[in-house]
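S.K.: Structure, please.
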Amino acid sequence: MEIQWTDPPLKRITLISGRKWDYHLPLYHTPEIRLTWHSDILPQGAFHAAKEDSLSVAVEIPADMPPCFGEIYYKAEDGDQEVKGSIIVRIQSSASLPTHTKILSAKNVTREQPVKKNLTSKRGRSILREKKNTLSKEVPGKISEEKAAGSNAKEALAQSSYCIEVLKNNLPVSGLRCRVEKNRTITIGKYSGAYGIPDLDLLGHFDSPNLEKGCSRRHAEVFWANQKIYIRILGQHGMKHLTETGEPGKNLKDEYCWPPGEVLIIPGKLRIVLKKEETST
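M.R.: Now for the predicted structure:
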């Protein structure tokens, strides 16, 4: 019998040093199926297969493990059938996590901003290069007074924690949640060799490759400015806000003052919402 998936497998995850991560590989279970795990950054002793379920594993991340990127590899075997794959992993130190807000799971931690490669061309006039140079001069948190007082400007936000959540079919996408912290920029887009891994990596979460083309590698940036949260639209196909009637609104351009609770539509049928986080008591 051919090995079959019951759901799409996980493609990337952020794990915290000193914590444990439980994962079930979504394959159709048969009595003969066997699963093996290994990693290029985690020791072999970090993997503990569940006795009652051969498709589940508990991964213990060493407490002294420094922040790094790597992969977890798996191989499922059922008779002469075999399935291989891997999960991109980012290890984050537990010391860097804030303590004043609730962390629901390791998937919800804030990711570091990826480092962009400096793509330059020595021949001819490059519109893309000129656009990137212009964007590099736009410092998050330092927008003009004219834009800060624009038509959609809102009142200053209350002193609290806010996060971005990605929605698909009106449901939160597991692992795609990021806290908006002051003095840093949250990137939204798709993984690429040129830009690295964005804070909210939408690659592989669209229903088809054609829908995924609507999202740019560097589609948007979110940042604090003037005691408000702004989103800067960078993608070629822009973004729209969801109206009260549930229909797409007008196209958003440049910086947009993003109030908590408002849903924005990314081309490709994904949505993002800015939410106020509950603080622990």
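S.K.: confidence score at the residue nearest the centre of the chain?
M.R.: Centroid-nearest residue in the chain: Leu200, 2.3 Å away (criterion: CA atoms, centre = their mean). According to the prediction, Leu200 has pLDDT 92.
S.K.: So what pairs up with it in the strands?
M.R.: Listed by DSSP bridges, the beta-bridge partners for Leu200 are Ile188.
S.K.: tell me the contacts of it?
M.R.: Residues in contact with Leu200 (CB atoms under 8 Å, 6 or more residues apart in numbering) are 164, 166, 176, 178, 186-189, 272. C-beta coordinates here come from the backbone N, C-alpha and C atoms, glycine included.
S.K.: how about 6 Å then?
M.R.: For Leu200, the contact set (CB atoms under 6 Å, 6 or more residues apart in numbering) comprises 176, 178, 188.
S.K.: Distance check, Tyr74 against Asp64.
M.R.: Distance of Tyr74 to Asp64, computed by CB to CB, to the nearest Å: 25 Å.
S.K.: Check the gap between Lys213 and Leu203 for me.
M.R.: Here Lys213 is placed at a distance of 12 Å from Leu203 (CB to CB).
S.K.: out of those two, which sits in the more crowded spot?
M.R.: Neighbours per residue (other CB atoms under 10 Å) separate Lys213 from Leu203, with Leu203 holding more: 17 against 14.
S.K.: mind checking pLDDT for the more buried one?
M.R.: As predicted, Leu203 sits at a pLDDT of 88.
S.K.: Then Leu252?
M.R.: Among the per-residue scores, Leu252 shows a pLDDT of 86.
S.K.: Contacts only, for it.
M.R.: Each residue near Leu252 by CB under 6 Å, 6+ apart is listed here: 233, 239.
S.K.: partner residues bridging it?
M.R.: Using DSSP bridges, the bridge partners assigned to Leu252 are Met239.
S.K.: Relative to Val83, how far out is it?
M.R.: According to CB to CB, Leu252 stands 42 Å off from Val83.
S.K.: ok, and the closest non-adjacent residue to Pro8?
M.R.: Distances taken as CB to CB, 6 or more residues apart in numbering place Pro26 nearest to Pro8, at 7.4 Å, with adjacent residues excluded.
S.K.: isn't that neighbour right next to Leu10, touching?
M.R.: No. Pro26 is beyond contact range of Leu10, at 8.5 Å (criterion: CB atoms under 6 Å).
S.K.: mind listing the strands in the stretch 1-150 of the chain by residue range?
M.R.: With DSSP state E, counting those that start in this stretch as the criterion, the stretch 1-150 of the chain has strands at 12-16, 20-24, 34-39, 47-49, 56-60, 68-78, 81-92.
S.K.: I'd like to know which of these is closest to Cys257.
M.R.: Closest of the strands of the stretch 1-150 of the chain to Cys257 is strand 12-16, at 28.6 Å (criterion: CB to CB).
S.K.: re earlier: quick one, which of Pro26 and Leu10 is more surrounded?
M.R.: The neighbour comparison of Pro26 against Leu10 (other CB under 10 Å) goes to Leu10, with 18 against 14.
S.K.: quick one, what contacts Arg218?
M.R.: Shown in contact with Arg218 (CB under 6 Å, 6+ apart): 189, 195, 234.
S.K.: Scan these and report the most crowded one.
M.R.: Gly189 (25 neighbours).
S.K.: Flag the shaky bits of the stretch 51-200 of the chain, pLDDT-wise.
M.R.: Counting by pLDDT under 70, the stretch 51-200 of the chain shows low-confidence ranges at 94-154.
S.K.: give me that answer again for 90
M.R.: Per-residue confidence for the stretch 51-200 of the chain (pLDDT under 90) gives these ranges: 51-56, 64-70, 78-81, 89-161, 170, 174-176, 181-184, 191-198.
S.K.: and Ala49, what does it touch?
M.R.: Ala49 neighbours (CB under 6 Å, 6+ apart): Val57.
S.K.: Bridge partners for it, pull those for me.
M.R.: Note on Ala49: beta-bridge partners by DSSP bridges are Val57.
S.K.: For it, give me the pLDDT.
M.R.: Looking at Ala49, its pLDDT reads 87.
S.K.: Count the residues that sit near the nearest residue to Arg90 once chain neighbours are set aside.
M.R.: Spatial nearest neighbour of Arg90, chain neighbours left out: Thr14 (4.7 Å); criterion: CB to CB, 6+ apart. Neighbour count of Thr14, defined by other CB under 10 Å: 21.
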